[in-house]
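Enquirer: My questions concern the predicted model and sequence given below.
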There are 2 protein chains.
Amino acid sequence: MNVLIIGGVACGPKAAARIHRLQPDTRITLIEKGELLSYAGCGIPYYISGQIRDIKELMKTNAGILRDSHYFQNFKGVTVRNLTVATRIDPQRKEVEIFDIGTMDRERLSYDKLVIATGGQPIQPDIPGRDLKGVYTLHNLTNAKKLREQMQQGAKRAVIIGGGAIGIEIAEAFTHNDLETHLVEAKDQVMAKALDREMCAMVTEYLNIDEVNLHLNSRVVGFEGDEEGHLRRVLLEEGSIEAEIAIIAIGTRPNAQLAAEAGLAIGASGAIQVNEHLQTSDPDIYAGGDCVENLHRITGKPVYIPMGDTANKHGRVIANHLCGYAQGSRFPGVLGTGIYKYGDLSIGHSGLTERQARADGYACDAILYPGLDKPEFCATARRIDMKLIFEQSSRRLLGVQLVGEGDVSKRLDVLATAMSLDATLDQLSNLDLGYAPPYSPALDNVISAANISLNKLDGISHAVSPVQLWKSIQAGEDLLVVDVRTQREFAAERMDLPQLRSIPLSRLLGALESIPRDKPVITLCKVGLRGYEACQLLRGKGFANAFYLEGGLAMWSHPKTREPL
Amino acid sequence: MNVLIIGGVACGPKAAARIHRLQPDTRITLIEKGELLSYAGCGIPYYISGQIRDIKELMKTNAGILRDSHYFQNFKGVTVRNLTVATRIDPQRKEVEIFDIGTMDRERLSYDKLVIATGGQPIQPDIPGRDLKGVYTLHNLTNAKKLREQMQQGAKRAVIIGGGAIGIEIAEAFTHNDLETHLVEAKDQVMAKALDREMCAMVTEYLNIDEVNLHLNSRVVGFEGDEEGHLRRVLLEEGSIEAEIAIIAIGTRPNAQLAAEAGLAIGASGAIQVNEHLQTSDPDIYAGGDCVENLHRITGKPVYIPMGDTANKHGRVIANHLCGYAQGSRFPGVLGTGIYKYGDLSIGHSGLTERQARADGYACDAILYPGLDKPEFCATARRIDMKLIFEQSSRRLLGVQLVGEGDVSKRLDVLATAMSLDATLDQLSNLDLGYAPPYSPALDNVISAANISLNKLDGISHAVSPVQLWKSIQAGEDLLVVDVRTQREFAAERMDLPQLRSIPLSRLLGALESIPRDKPVITLCKVGLRGYEACQLLRGKGFANAFYLEGGLAMWSHPKTREPL
């Protein structure tokens, strides 16, 4: 069998290596337009920050071997044609036309099976001046290297265009190198695809601490350079920013043109349509990685969410199906799970945001839970703010968001595993996780969050979110807010509200007569538990309008939740 | 309603607090024989090590409030009778006889519903001298405090009896305080309930580095003291150890006597039998925590696995069922998940060991996978050794073991979640986990381990484990071992075997004629991947006796795997 693979970064090499292992006699040819193969693109921000010294580190195997064309030839039994562009696919004749950048030769290669792994590329906004030196997209190692060199040569001011996950990672790389950093985002918050507004507040705080200049609701309209073509100024709709570096990070689009020209089906997202075996509309042509659509595991609809780990999984599934292995030949779709580091902060998300879920018409609810990731008595305990979004009818998670200095990564992966396996909140509540004080509280944050969700879902608890409370206050609603923490805690820190009263939980029963029964009473504490207990007590005494503030003072104190969403 | 709860450590207070929240008008009385309530028993090793300064830290809520009887009375609406022993249950009259240790009064309390949460206690071997001062079990804070005081007063030599998880945690606390530490274990390895022999090797190495004196296959037969009754010497079957401190940590047994005397059904383990709602054989009497049996989620059989997190979950399920909430009133059982810290090492396990699975008659197989927890280019990347045990017919995990300096905790919880949700290896292979270089490799260790398992299960790969290879060598089998790493790697470190040859993978195809076809050929590399590729290549060329060494040199180099198991 003769297999042709177009694309040498993640899905392509993975498919090639596994086909070679499954069927060592298969003739495999890999075509790559760049010089370099199989690199860890997700490591680019760490190279830019200087944490990774040598860009070759991103191209090595765990045994320290450079994954160049020699490596693939020798170790993987794959013929590599790098610096070669596939210019046309002819599905009828089962041929691919290629163009060798070095020799300028054109050639036609035939195939029995073809794998398209052409990846994606950064979306390039049509802005005047974007060809100036100093304006970058970060889609390959060559660009990353140029940027790093410019930083080392003394560039001091940088503008990042796009406040998504990559923008945030780059912002950290820049502040880490003491660059004056600006982040320009068209929406009214950063990371809007991953986080709902209130979960984004801690990220904004950290950006502020690092003196990243946030330009929300802003658009870049042009780049200005000097006579030598070097960037000097980034023009916004209002005002401008002096800078030598600008990074465009507003998203990725699929490289699907080759497939489209060959008549293969293209999805609404603009990416190549594939079935569960990752076959295109021509069953002899597979496609995987950043050039295809995936089924979303929650909505069941096709989505374009390009991810390096997905591309690797695609490579394996393609190889299995191509070689006739039924087991492992189905790709079940994606949740869009992502995790990002900004300084000490970890930011994780999976599935739908509440905003997306409501827009998609789900009858859903959500909870906020700020908790420590280990018992209070552990010196290493750190906070994690968690949001779970769940569907009322199915009792299943629709999405999760986690932000904090604590071990976000573990909880994210547990929740993503649970979502992949269609777990109900009831099942989450009794997971048998590993407990010891250096690793988690006796009831892990995931289990506590599931329990809080169940209380809300089953009408046991009666909560308002910080956003709901703020809206009520803004609307001038007549309500009472009762802080049930101890007097000492109250004296140290409290909300700045005229509607606020302090009644410690231990005295609440004796103070019932002083609490009005004809208007909403909102109880609150540090994180939510005592507020919830106070609310239950009030409800038990006939206060039908009692609610507790979800996330307590911990999540109220984010400055951004004090603004209407 | 009138609810009586016997036991105030974990399950009891949890049930009390939730019943109070669900039905604030319920009369709840909690009986506790000790002075202290609701403490974090799992924090005791960290108090002993000195990492937690004040023992009260183990009794505080996250809001920093001490969980004493005052707290429960005021905040949780629970009447607490501490320093009070329940001496008899009369299920017919629905009464409990109690004895107040302070006043010496006896009294009978009636109940509508009773919750037994009497916990467990350390198994006390019948060894002469075990009443000497300096001989401890660590089942409560009072004992822990005495031990800590003795350490602060200058005790310098300690013997731990029992090499299970608690023994290991205590060993760390002792070495952390520069005590000369001996660990006496009756079996031929430490942590035998949690780890198979080869997975235990790294733990043994760490104990050796810390100069913990391991006495395997050893039993303590007596304790000798001085005239004042202070421990001076621990007597083994062979020899003795000078010491001022001895800790007995050979296991826990349930406090089920009260229940047994009341005629409630007791399981084969000696613990109280309960149904999925945690009702005993008398439906008005619930039991939970360390005094009951649980269903094992893998075998479906009752087991006695006392755990603090399980006790907390029991408390919630009991409260839900007792208050008539159908949702959340079922406890699905346990996997026996555990995680332990020894210095920089984390040790995690869940489900069955291979030893247990085979003894239980499962048709199973297992894989070993030593991998880095992050990409090689990350300075924070650390190793995790993983063992997965899976059933051939169901393609499901039976058990997992993880040991290493890397992020064991995350992978353990993901695997435990997957096992709780009955995931197949195929489902594990396509989990959508959070990937970014500071958190994991592009394909997380869990996914790689699932893929390695699938290759073995589906007959794609042909592996021998280090133990199998060692047994073959010991049996004098005629075989060839081919190290396919680079010459540089081979020069730096290699196996010490006469059967060993070096043929780098890149030269293997050219060296086929020099490899015998009439005997087993075992290929190996650093961790397994290149060994596997070499084996596939050989098999493709007709070497039907080719196998690769699972875990490569990384797991072979554990000294213990070189011994017959």
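Expert: Alright, I've got the coordinates.

Enquirer: so residue A:481 is in which element?
Expert: Taking DSSP states H and E as the criterion, residue A:481 maps to strand A:480-483.

Enquirer: Repeat that for residue A:413.
Expert: Going by DSSP H and E, residue A:413 is in helix A:408-420.

Enquirer: any bit of that helix sitting next to chain B?
Expert: Yes - for helix A:408-420, a contact with chain B is found by CB under 8 Å from any CB of the partner chain, at A:409-410, A:412-414, A:416-418, A:420. Every C-beta, even on glycine, is put in place using the N, C-alpha and C of the backbone.

Enquirer: For the strand holding residue A:481, name the packing helices and strands.
Expert: Here strand A:480-483 touches strand A:500-502, strand A:521-524, going by 3 or more CB pairs under 8 Å, 6 or more residues apart in numbering or on different chains; DSSP states H and E.

Enquirer: what's the next secondary structure element after the shortest one?
Expert: Translated: strand A:500-502. helix A:505-508.

Enquirer: residues near the residue of the stretch 451-565 of chain A found nearest chain B, how many?
Expert: Nearest residue of the stretch 451-565 of chain A to chain B (CB to the nearest CB) works out as residue A:540 at 3.3 Å. By the criterion of other CB atoms under 10 Å in any protein chain shown, residue A:540 has 17 neighbours.

Enquirer: For the residue of the stretch 201-350 of chain A found nearest chain B, which three-state class applies?
Expert: Distance from chain B to each residue of the stretch 201-350 of chain A (CB to the nearest CB) is smallest for residue A:339, at 3.4 Å. Here residue A:339 is recorded as strand under DSSP: H, G, I helix; E, B strand; the rest coil.

Enquirer: Go through the residues of helix A:408-420 next to chain B and say which is closest to residue A:219.
Expert: residue A:412 (31.7 Å; CB to CB).

Enquirer: list the contacts for the closest one?
Expert: A:337, A:339, A:348-350, A:400, A:402, B:433-434 (CB atoms under 8 Å, 6 or more residues apart in numbering or on different chains).

Enquirer: Now with 10 Å, please.
Expert: A:337-339, A:346-350, A:384, A:386, A:400-402, A:446, B:410, B:414, B:433-434, B:439 (CB atoms under 10 Å, 6 or more residues apart in numbering or on different chains).

Enquirer: Please name the nearest non-neighbouring residue to it.
Expert: Among residues not flanking residue A:412 along the chain, residue A:348 sits closest, at 3.6 Å (CB to CB, 6 or more residues apart in numbering or on different chains).

Enquirer: I'd say the one you found and residue B:438 touch.
Expert: No - using CB atoms under 10 Å as the test, residue A:348 is too far from residue B:438 to be in contact (11.7 Å).

Enquirer: quick one: which of those two has more around it?
Expert: Neighbours around residue A:348 and residue B:438, counted as other CB under 10 Å, are more numerous at residue A:348. The numbers are 28 against 19.

Enquirer: Surely the more buried one is in a strand?
Expert: Yes - the assignment for residue A:348 is a strand, going by three-state DSSP.

Enquirer: related to what we said a few turns ago, quick one: the helices and strands packed on strand A:480-483 as CSV, columns for distance to residue A:267, mean pLDDT and mean neighbour count too.
Expert: What follows is those, written out as CSV (distance: least, CB to CB, whole Å; pLDDT from 0 to 100; neighbours: other CB atoms under 10 Å in any protein chain shown):
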stretch, distance to residue A:267, mean pLDDT, mean neighbour count
strand A:500-502, 52, 96, 15
strand A:521-524, 46, 96, 28
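
Enquirer: and those as a markdown table, adding distance to residue A:112?
Expert: Shown next, in a markdown table, are these (distance: least, CB to CB, whole Å):
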| stretch | distance to residue A:112 |
| --- | --- |
| strand A:500-502 | 74 |
| strand A:521-524 | 67 |
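
Enquirer: closest to residue B:478 out of these?
Expert: Taking the helices and strands packed on strand A:480-483 one by one with CB to CB, strand A:521-524 is closest: 75.8 Å.

Enquirer: got the CA positions of the closest one in PDB?
Expert: Below are the C-alpha coordinates for strand A:521-524, written out as PDB (Å, rounded to 0.1, in the frame of the first residue of the first chain):
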ATOM      1  CA  VAL A 521     -32.800  38.700  52.500                       C
ATOM      2  CA  ILE A 522     -29.400  37.700  51.100                       C
ATOM      3  CA  THR A 523     -27.100  35.900  53.500                       C
ATOM      4  CA  LEU A 524     -23.400  35.700  52.800                       C
END
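
Enquirer: Stretch A:286-294: which residues count as buried?
Expert: By neighbour count on 16 or more other CB atoms under 10 Å in any protein chain shown, the buried set for stretch A:286-294 is A:286-294.

Enquirer: nope, stretch A:130-139 is what I was after
Expert: Buried, per 16+ other CB under 10 Å, within stretch A:130-139: A:130, A:132, A:134-139.

Enquirer: All good on my end, thank you.
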